[in-house]
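# Here is my input; please provide its structure:
(chains A and B)
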Amino acid sequence: MSGTPTVDSAAPRNEQIAVLEKQLRAAGALGGAQSVVAIEQMSGGWSRHSYLATAIVDDEPVGFVVRVEAPGGVLETDIATEYAVLAALDQEAIATPHVLAVDDSGDNPFDGPYFVMEKVAGEAPNVFRSASREMLELSWQGDRAIASAMVETLARLHSLPLERLPSTVPSLSYADVVGRWRDVYERYALVRDPVIEEAFRWLDGRDPGPPMRGLVHGDYRIGNALVEEGGIRAVLDWELSYVGDVRFDLGYLSLERLAGKHLRPVTELFGAFAERDWFIAEYERLGGAPVDLDVVRTFSVLGIMMLMGTITRGTWMYAHGKTSDFRLAWARFGAPGLRQDLTHLMQW
Amino acid sequence: MFNPLTPADVVSAIGVTVRRATRGGLSSDFAQDQMKSVVSASRHLEVELSSYQEVIREFVFEAVLRLGAGTGDADLDVELSALAAELQKVADGQGLGAPLAECLALLHDSDSPAATDLLDDLRTLMRALTDREVDLLAAGLS
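Residues are numbered from 1 along each chain as shown, chains lettered A, B, ... in the order given. Below is the predicted model of the structure:
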């Protein structure tokens, strides 16, 4: 089982810098005499690779993030749509990075479609690290600013009028989302997983009825939020967003995995940042509609199918030499905990 | 159990990754992330290689026992018996997946109460199996 080079095989940095400078000047983010002085790849996700570009503006370093669709990436998501969603959200009271330029051609020094955005201050908490969890716990015990920002942002996102979104944002029904992850399993599973197959049957019998329709983030969690000075500066990673039943975000956020569980739960806090009852009550108050927790459970199972789908696709990519990123092979060790969660959620 | 990539695949992947990282230097964040994943994988692999066989044996024993009780539907029971025989030849967690999934599919296609009961029994066994796997892996990290 071989791997082809991936993240560390990009074209020379000077070509990347030249392209970026041109785009940033066109966007008005760089003056004629200002330049990008450094660019380095950031450690991070599987379906997107990120680069941090530093420019000197008025004698101060200014950061820009280049977000590239990964070759052999885990999820087949559209960089142009992600850019369009962010551009639309720029106009709304939802904290997102300001986007500046996009190149969806793939024929560029970054070896893939990409867009450029301003670097937002803050750090994304890593719920698998105790230091991050302790910070979140302190915030919850204190002023609850992070928890409040997370629930307010989610409620605002879910109530965004859909006509303000670009038409390219996919609209997916419950059955579409189930079907999407079933397709991934059927296409990429290296071995049959009877728990996953049972879970798809379970989901087929749990149609939640009329959807609470809105913009779904698709991967909403504290790990996709930039936190600084006890507040949320931006919500990141919109590549899975779609128009559909927004309760997916609630079900997904309910997963212990998103609160740092690999094999064992590591916190009692929902999403590692709030008590669940408080969060749901606040969401209901802000959104003006009650939340059916049994439906949320259905979407929790669907959320796990998404995570299992990324593992399935990622391990297939590794096994077929599409990537040499060992983390995609490691991901098979993430399956047991998720499988356990499935059996518990389905109440076997 | 039912996990993609065999232990041998993972060992091979570890070797490739370590070789690449040592040749390219370990200073980058990416290389360090890769090595952290390698360390984690080796600890999980140790548990899998030393503990899973017994768990699989016990699971197969219980599953075959239940499949052997039958459903009262002669045709279905013949098919289930054949799958039970396949289960008894299984050597690893990956091998469990297909015969077990086929059993479940057959039972879903039947609407008899006995088939439903057998489905529930197999689900209970699978839940216990997943719990046991997590317990073993977690113990290996502590």
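# Which residue of chain B lies farthest from its centroid?
residue B:27 (36.2 Å; Cα atoms, centre = their mean).
# hey, which helix is longest across chain B?
Longest helix in chain B, counting residues (DSSP state H): helix B:29-68.
# which regions of chain A sit below the pLDDT cut-off?
Counting by pLDDT under 70, the ranges of chain A that qualify are A:1-11, A:43-46, A:71-77.
# Walking through it, point out its helices one by one.
Using DSSP H, the helices of chain A run over A:13-26, A:79-89, A:130-141, A:145-158, A:174-188, A:194-204, A:247-253, A:276-287, A:293-319, A:326-330, A:335-345.
# Of those, which is nearest residue B:23?
Closest to residue B:23 of the helices of chain A, according to Cβ to Cβ: helix A:326-330, at 14.5 Å. Bear in mind the C-beta positions are built from the backbone N, C-alpha and C, glycine included.
# quick one on the thing from earlier: elements contacting the longest helix of chain B?
Under the contact criterion of 3 or more Cβ pairs under 8 Å, 6 or more residues apart in numbering or on different chains; DSSP states H and E, helix B:29-68 touches helix A:326-330, helix B:7-24, helix B:74-88, helix B:93-109, helix B:113-141.
# Enumerate the positions of the longest one that are buried.
Okay, so that is helix B:113-141. Within helix B:113-141, the residues that count as buried by 16 or more other Cβ atoms under 10 Å in any protein chain shown are B:114-115, B:118-119, B:121-123, B:125-130, B:132-137, B:140.
# rewinding a little: can you redo the helices and strands packed on helix B:29-68 as a markdown table with distance to residue A:153?
Formatted as a markdown table, the helices and strands packed on helix B:29-68 follow (distance: least, Cβ to Cβ, whole Å):
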| stretch | distance to residue A:153 |
| --- | --- |
| helix A:326-330 | 28 |
| helix B:7-24 | 37 |
| helix B:74-88 | 49 |
| helix B:93-109 | 40 |
| helix B:113-141 | 32 |
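# sorry, back to before: how far away is the residue farthest from the centre of chain B from chain A?
Distance, residue B:27 to chain A, using Cβ to the nearest Cβ, to the nearest Å: 12 Å.
# Let me know the secondary structure of that residue.
coil (DSSP: H, G, I helix; E, B strand; the rest coil).
# how about it, phi and psi?
Backbone torsions of residue B:27, given as degrees, to the nearest 10, read phi -80, psi -20.
# Let me see the contact set for residue A:34.
The neighbours of residue A:34, taking Cβ atoms under 8 Å, 6 or more residues apart in numbering or on different chains as the test, are A:55, A:56, A:57.
# out of those, which are buried?
Looks like the contacts of residue A:34 have residue A:55 buried, using 16+ other Cβ under 10 Å.
# List just the nearest of the contacts of residue A:34 to chain B.
Of all the contacts of residue A:34, chain B sits closest to residue A:55, with 21.0 Å by Cβ to the nearest Cβ.
# How far away from the center of its chain is the longest helix of chain B?
Per Cα atoms, centre = their mean, to the nearest Å, the displacement of helix B:29-68 from the mean C-alpha position of its chain is 8 Å.
# Which positions within it qualify as buried?
Those would be B:30-31, B:33-35, B:37-38, B:41, B:44-45, B:47-48, B:51-52, B:55-56, B:59-60, B:62-64, B:66-67, for helix B:29-68 by 16+ other Cβ under 10 Å.
# pretty sure residue B:68 is touching residue B:84, no?
Yes - when contacts are counted by Cβ atoms under 8 Å, residue B:68 is listed as touching residue B:84 (6.4 Å).
# Export the contacts of residue A:34 as a markdown table, with columns for distance to residue A:227.
A markdown table is the format used below for those (distance: Cβ to Cβ, whole Å):
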| residue | distance to residue A:227 |
| --- | --- |
| A:55 | 24 |
| A:56 | 27 |
| A:57 | 25 |
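# Count the residues that sit near residue A:91.
Here the number of neighbours of residue A:91 (other Cβ atoms under 10 Å in any protein chain shown) works out to 8.
# residue contacts, it?
residue A:164.
# Next: residue A:294.
With Cβ under 8 Å, 6+ apart, residue A:294 has no contacts at all.
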